[in-house]
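S.K.: please work out how this folds:
(2 chains)
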Amino acid sequence: EAQVTQNPRYLITVTGKKLTVTCSQNMNHEYMSWYRQDPGLGLRQIYYSMNVEVTDKGDVPEGYKVSRKEKRNFPLILESPSPNQTSLYFCASSLSAQGSIYEQYFGPGTRLTVT
Amino acid sequence: AQSVTQLGSHVSVSEGALVLLRCNYSSSVPPYLFWYVQYPNQGLQLLLKYTSAATLVKGINGFEAEFKKSETSFHLTKPSAHMSDAAEYFCAVRDKNQGGKLIFGQGTELSVKP
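M.R.: Residues are numbered from 1 along each chain as shown, chains lettered A, B, ... in the order given. Below is the predicted model of the structure:
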């Protein structure tokens, strides 16, 4: 089944404790992206990747890191989480960003709480 | 910069009534527009997309949307609401110039009353 998977689905952590949220897609997509969803703000892009070893900042990159060493994986790293990073996170992928007509497929989401 | 505005953060309809969710966009070039639905505790699922082929776009679950360039709108409609349509709906435009990111509206939560 074609899908985007994220782990963990739920995470409660404390301020400053490094964490990684994994994202994997099995559709051989070139483009991958991370979004955070906050009430009343919709979804905002954190980072994106056009292909392996190519990543760039989105609208809200502060406090996050990403890497794209393999085509299928795009982990999101919070080196020192803070309470304002409490949010619902989504990973997404699409065939390509070229032309932008391709839909993005979303993972099930990771609900992160930082205390 | 492109942007999307969804009018009404909450919309409530009765079962069987027309569903109308409003979306307006700003874009200096012909946009690629999408409607996504998010059911509780789930990720986003594509309902339909506009890619300049036809102005009236039909999607899944009986939803459709009409692209109106003169009004810069892409409203989502369904003739008859079903209880299972209760969800949050997001309109989005894909930005060709900024790495292909999706720019989302703030979302509209649809409630369906029996």
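S.K.: ok, now which ones touch residue A:28?
M.R.: A:71-72 (Cβ atoms under 8 Å, 6 or more residues apart in numbering or on different chains). For the C-beta atoms, the positions are set from N, CA and C on the backbone; glycine is no exception.
S.K.: so it, which of the three states?
M.R.: Put simply, residue A:28 is coil when judged by DSSP: H, G, I helix; E, B strand; the rest coil.
S.K.: from residue B:82, how far out is residue A:105?
M.R.: Distance, residue A:105 to residue B:82, by Cβ to Cβ, to the nearest Å: 25 Å.
S.K.: again, but for residue B:9
M.R.: Taking Cβ to Cβ, one finds residue B:9 at 21 Å from residue B:82.
S.K.: kindly report the same for residue A:2.
M.R.: Separation of residue A:2 from residue B:82 (Cβ to Cβ): 27 Å.
S.K.: so those two - more neighbours on which side?
M.R.: Legend: neighbour count by other Cβ atoms under 10 Å in any protein chain shown for residue A:2 and residue B:82, higher for residue B:82 (13 against 10).
S.K.: mind listing what that one touches?
M.R.: B:15, B:112.
S.K.: next one: the one 3 residues further on
M.R.: Applying Cβ under 8 Å, 6+ apart, we find residue B:85 in contact with B:19, B:61, B:78, B:110, B:112.
S.K.: now with 6 Å, please.
M.R.: Neighbour list for residue B:85: residue B:112 [criterion: Cβ atoms under 6 Å, 6 or more residues apart in numbering or on different chains].
S.K.: contact residues of chain A facing chain B?
M.R.: Residues of chain A found near chain B (Cβ under 6 Å from any Cβ of the partner chain) are A:40, A:42-43, A:45, A:48, A:56, A:97, A:100-101, A:103-104, A:106-109.
S.K.: sounds good, over and out.
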